[in-house]
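Q: how does the following fold in three dimensions:
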Amino acid sequence: MGASGGAQGGVAAQRCARCGYQGQGVPYFSRTGHVGLLIGVSLFTYGIGGLAYWLARRRHYICPNCGLGWEVAARAIPATSSADGGGALVPQADVPLPTSGVKRRVLGSALILLASFLIMVGIIEVEAAAVAVGSVFGAGGSGMFFWGWKALQERRQALTTGLQRKVLRLATRKGGTLTVTEVAADLNLSLPAAEKVLIQMDDGFRVRSDVTENGILLFEFPEVLHRNQLEAGEA
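A: I've put the predicted structure just below:
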């Protein structure tokens, strides 16, 4: 009962805000990709970066399906009671985004610069201690910068996922078809940004694009477009 907040997030059943998985989170390093990253960071930082990475993430839990931090899912969508059979996913207007890791990247860059200076001084002055200390700082700075860079990628992915979720809700309201202009206007995006999101979603199956006779690029969502027919068939 005295477990940390991350452990509590792993014990409690939640619904993932990104992929919809419902259940318990799993330890961060139970994911093969994270273990591989830990090994890679350790190899290139003489073990120091790997140790820092492990200490920072060892108590974290993630969604076993998509890897989203379980504490983010816990803040975004409360756990549902078993009385309603799990319940439906409650739409969330604003899912908390992961941090961008800018402080870690800045600190990592500063450590790398300091390490370069120490190593240069050590070489000029033929001082092995300076080279050794510089190597340690360089390893730690590299690990810190990589950690911040990974956080930035996770934030970008979360932002893209959030935009796609809003596009799906908009498509439902519009009856299953959307244009780039509609997405840009409703989501307050530029036309190139709105087009990029729609193209990323276009898999030719759940989202399809087509050009009308009037030259309008139209994106169709068949599962939404034919929802009434599907429900009629099931009835």
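Q: quick one, helices of the protein?
A: 5-11, 32-44, 48-57, 70-76, 102-124, 128-173, 180-187, 191-201, 222-225, 227-234 (DSSP state H).
Q: deepest-packed of those helices, please.
A: Of all the helices of the chain, helix 70-76 has the most neighbours on average by mean count of other C-beta atoms under 10 Å, namely a mean of 21. For the C-beta atoms, the positions are set from N, CA and C on the backbone; glycine is no exception.
Q: pLDDT (mean, whole number) over it?
A: Mean pLDDT, computed over helix 70-76, is 60.
Q: hang on, the earlier thing: out of the helices of the chain, flag the one nearest residue 211.
A: The closest approach between residue 211 and any of the helices of the chain, judged by C-beta to C-beta, belongs to helix 180-187 at 12.0 Å.
Q: against which helices or strands is the closest one packed?
A: Here helix 180-187 is seen to pack against helix 128-173, helix 191-201 when contacts are counted using 3 or more C-beta pairs under 8 Å, 6 or more residues apart in numbering; DSSP states H and E.
Q: could I get the ones you listed as JSON lines with distance to residue 122 and mean pLDDT?
A: Rendered in JSON lines, the data for the helices and strands packed on helix 180-187 read as follows (distance: least, C-beta to C-beta, whole Å; pLDDT from 0 to 100):
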{"stretch": "helix 128-173", "distance to residue 122": "3", "mean pLDDT": "85"}
{"stretch": "helix 191-201", "distance to residue 122": "48", "mean pLDDT": "89"}
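Q: any chance of a markdown table for the ones you listed, columns distance to residue 208?
A: What follows is those, written out as a markdown table (distance: least, C-beta to C-beta, whole Å):
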| stretch | distance to residue 208 |
| --- | --- |
| helix 128-173 | 12 |
| helix 191-201 | 10 |
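Q: nearest to residue 212 among the ones you listed would be which one?
A: For the helices and strands packed on helix 180-187, the distance to residue 212 is smallest for helix 191-201, at 15.2 Å, taking C-beta to C-beta.
Q: which strands and helices sit next to that closest one?
A: Based on contacts counted as 3+ C-beta pairs under 8 Å, 6+ apart, the elements that helix 191-201 packs against are helix 128-173, helix 180-187.
Q: now tabulate those helices in CSV and tack on distance to residue 121.
A: As requested, the helices and strands packed on helix 191-201 are arranged in CSV below (distance: least, C-beta to C-beta, whole Å):
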stretch, distance to residue 121
helix 128-173, 5
helix 180-187, 53
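Q: for residue 103, which of the helices and strands packed on helix 180-187 is the nearest?
A: Minimum separation from residue 103 across the helices and strands packed on helix 180-187 (C-beta to C-beta) falls at helix 128-173, 7.2 Å.
Q: quick one: residues contacting residue 218.
A: Residues in contact with residue 218 (C-beta atoms under 8 Å, 6 or more residues apart in numbering) are 177, 178, 179, 209, 210, 211, 212.
Q: residue 186 versus the third one, what's the distance?
A: What it means is residue 179. 11 Å (C-beta to C-beta, to the nearest Å).
Q: what's the answer for the second one, then?
A: When C-beta to C-beta is the yardstick, residue 178 and residue 186 sit 9 Å from each other.
Q: overlap of the contact sets of those two?
A: Common neighbours of residue 178 and residue 186, using C-beta under 8 Å, 6+ apart, are residue 170.
Q: before we move on, back to that, now the helices of the chain in CSV, with distance to residue 64?
A: Conversion of the helices of the chain to CSV gives the following (distance: least, C-beta to C-beta, whole Å):
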stretch, distance to residue 64
helix 5-11, 10
helix 32-44, 12
helix 48-57, 16
helix 70-76, 9
helix 102-124, 26
helix 128-173, 16
helix 180-187, 30
helix 191-201, 24
helix 222-225, 25
helix 227-234, 30
